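Colleague: model this:
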Amino acid sequence: MRAILVSLCLLFCLSAQAQMFPHGETFTRQDTLRGTITPERAWWDLQHYHLEVKVDPDTKSLSGKNTVLYKVLEPLKRMQIDLQAPMQLTNAEQDGTQLEIEHDGNAHFITLQAAQNVGEEKEVVLTFSGKPVEAVRPPWDGGLAWKTDNNGLPFIANANQGIGASIWWPNKDHGYDEPDQGVLLSVTVPENLMDVSNGRLIGTDHDKAAKTKTYHWEVKNPINNYGININVGDYVHFGEKYAGEKGELDMDYYVLRDNLKKAKKQFADAPRLMEAFEHWFGPYPFYEDSYKLVEAPYLGMEHQSSVTYGNNFENGYLGRDLSGTGWGMKFDFIIIHESGHEWFANNITYRDVADMWIHESFTAYSENLFLDYFYGKEASKEYVLGTRMAINNDSPIIGIYNVNSEGSGDMYYKGANMLHTLRQIINDDEKWRSILRGLNSEFYHKTVSTRQIENYIIQKAGINLKPVFDQYLRDIRIPIFSYNLKDGELYYRWENVVDGFEMPVKIYVDGKEMGLIPTQNWQSVDVPQKNAKISVDENYYVGTMNISGN
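Modeller: Modelled structure (predicted):
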């Protein structure tokens, strides 16, 4: 009965042209098809992609095929594949038989002919071509960037986290299912250029007649769709070996020919980040696929084992310190932030884009953990507190589920300050570090929900943090520590909070530390001086209100 009700609900949602939500958001059928685990997605488990693509810089077009290996979970025969216009899905085949395709906007429903037996692995071959959406301001607007370098040679890359991988190749474009057996990318480019993609280069073919080269890159680990990338340019390579927690890690760097000297200096931050993040988060999650830093014609992106870089070979964020404290100029923002995503985004990946905070909050927080490791706890504190000026508190950090809807941009630095606050609540840095490392072990190469992350942290902390998560992730208000000092008695409570909110906090009474666990109800405690000075530890992301007038 439950399955029938779920199917009826899904059918109703999909049949509606638009859905209205409480804050006035409107979502279309296409949003729902993209954001929902539809019946046409749920019955098959993605195992492997072999993506073959030819890049034509002259026409700004792509063509190729994607061989999709999947395991049958239910004996159904209608498959959803996603590819966004103006790209075209021109053919689908299985076992040499051409299949019928029903096109519904960006969703394409393929009717398979042969019986799909539960447990067996099958392949479907998808042929595609077209001129993909050109990114005007990547990585924010998404698409393909078709640029040229200083020597007039093509410089091309994709950046498509928000808009989706289906902007340029056909796939199962939903975060919940990753190819368990990895990906093989075969990318054909003009012979005077090189393609750099995810994983390891396992071969190169040179077609002298066609004046092209094909680069074959193998990814052995699961990978999220948006993390799969192509980078085409006049690249040169250098690299090093890093002695990491799981042994020797290959660290390779690809930059435009003219930038080699600058890159050899600037990319010194790469082994430093590996040292700091393996300390805090555990081993780099993709030793088998190596680590790469690849110059790209836009700011940067967290493509798994192929982190893209365009920060002008300078510290800060395009030469600026986002915290305003000076600490942000101690590292190259793009190298540190985008590589931090290897743990939170690529190792641990959201099932639904509404939970994108799992990627961005932890990775924004990784910036101050990098500082903590190399420059100390005070530097870390100053940096994360400095980023509060970027918080808007305009809408909840968690988005709307099943319609491909991200939450507020506050997922970056409000999320980072929430995590910094959790560190204060737990008040045990080794336990906090074990939780961060434990997350990357428990959810190694998995897709997750917010509830899974919350429950893990709550369990390991041994503290009821549910109201804290509800407050910072699902509400836009900041808790206010309200107090009244009267006749040597301090009355206090939380205001501006969700129902049932309670959170430990550290305060100072005339400079002397005191720990309290306020709730929404007034409590009191004796203080030594009638006119004592009260302040809240600034490491907690809360407001303060003195209602006594003192």
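Colleague: From now on I want contacts and neighbour counts done on CA atoms only, so please keep to that.
Modeller: Noted.
Colleague: quick one: terminal-to-terminal distance for stretch 347-357?
Modeller: Using Cα to Cα, to the nearest Å, the end-to-end distance of stretch 347-357 comes to 14 Å.
Colleague: Neighbours of residue 377, how many?
Modeller: Neighbours of residue 377 under the rule other Cα atoms under 10 Å: 14.
Colleague: Please apply the same query to the one 4 residues further on.
Modeller: Using other Cα under 10 Å, residue 381 is surrounded by 18 other residues.
Colleague: The one 4 residues further on now?
Modeller: For residue 385, the count of nearby residues is 21 (other Cα under 10 Å).
Colleague: What are the buried residues along whichever helix or strand it is part of?
Modeller: Per DSSP states H and E: residue 385 is located in helix 377-386. Buried residues in helix 377-386, defined by neighbour count with 16 or more other Cα atoms under 10 Å: 379, 380, 381, 382, 383, 384, 385, 386.
Colleague: what does it rub up against?
Modeller: Helix 377-386 has contacts (Cα atoms under 8 Å, 6 or more residues apart in numbering) with 322-325, 327-328, 365, 368-372, 413, 416-417, 420, 539.
Colleague: do the same with stretch 190-199
Modeller: 56, 185, 187-189, 206, 211-213, 215, 217-220, 228-235, 254, 289-291, 294, 303-306.
Colleague: quick one: terminal-to-terminal distance for that stretch?
Modeller: Length of stretch 190-199, first residue to last, Cα to Cα: 21 Å.
Colleague: remind me, longest helix of the chain?
Modeller: Longest helix of the chain, by residue count under DSSP state H: helix 357-375.
Colleague: what packs against it?
Modeller: Contacts defined by 3 or more Cα pairs under 8 Å, 6 or more residues apart in numbering; DSSP states H and E place helix 357-375 against helix 269-281, helix 333-340, strand 348-350, helix 377-386, helix 413-426.
Colleague: Which of these sits closest to residue 449?
Modeller: strand 348-350 (6.0 Å; Cα to Cα).
Colleague: From the structure, what's the count of residues near residue 198?
Modeller: Neighbours of residue 198 (other Cα under 10 Å): 28.
Colleague: what's the answer for residue 246, then?
Modeller: 12.
Colleague: Settle this for me: it is touching residue 286, isn't it.
Modeller: No. At 10.0 Å, residue 246 does not count as touching residue 286 under the criterion of Cα atoms under 8 Å.
Colleague: Would you mind splitting this structure into its domains for me?
Modeller: Following automatic domain parsing, one gets these domains for the chain: 1-35, 38-233, 348-474, 480-546.
Colleague: mean confidence for the longest helix of the chain?
Modeller: Averaged across helix 357-375, pLDDT comes to 98.
Colleague: In it, which residues are buried?
Modeller: So for helix 357-375, counting by 16+ other Cα under 10 Å, buried means 357-374.
Colleague: circling back: which of the helices and strands packed on helix 357-375 sits closest to residue 162?
Modeller: Minimum separation from residue 162 across the helices and strands packed on helix 357-375 (Cα to Cα) falls at strand 348-350, 12.9 Å.
Colleague: Alpha carbons only: can I get the helix holding residue 385 in PDB?
Modeller: Taking C-alpha atoms only, helix 377-386 is exported to PDB below (Å, rounded to 0.1, in the frame of the first residue of the first chain):
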ATOM      1  CA  LYS A 377      43.800  28.100  17.000                       C
ATOM      2  CA  GLU A 378      43.700  31.900  17.400                       C
ATOM      3  CA  ALA A 379      44.300  32.300  13.600                       C
ATOM      4  CA  SER A 380      41.600  29.800  12.900                       C
ATOM      5  CA  LYS A 381      39.200  31.600  15.200                       C
ATOM      6  CA  GLU A 382      39.900  35.000  13.800                       C
ATOM      7  CA  TYR A 383      39.400  33.800  10.200                       C
ATOM      8  CA  VAL A 384      36.000  32.000  10.800                       C
ATOM      9  CA  LEU A 385      34.600  34.900  12.900                       C
ATOM     10  CA  GLY A 386      35.700  37.300  10.100                       C
END
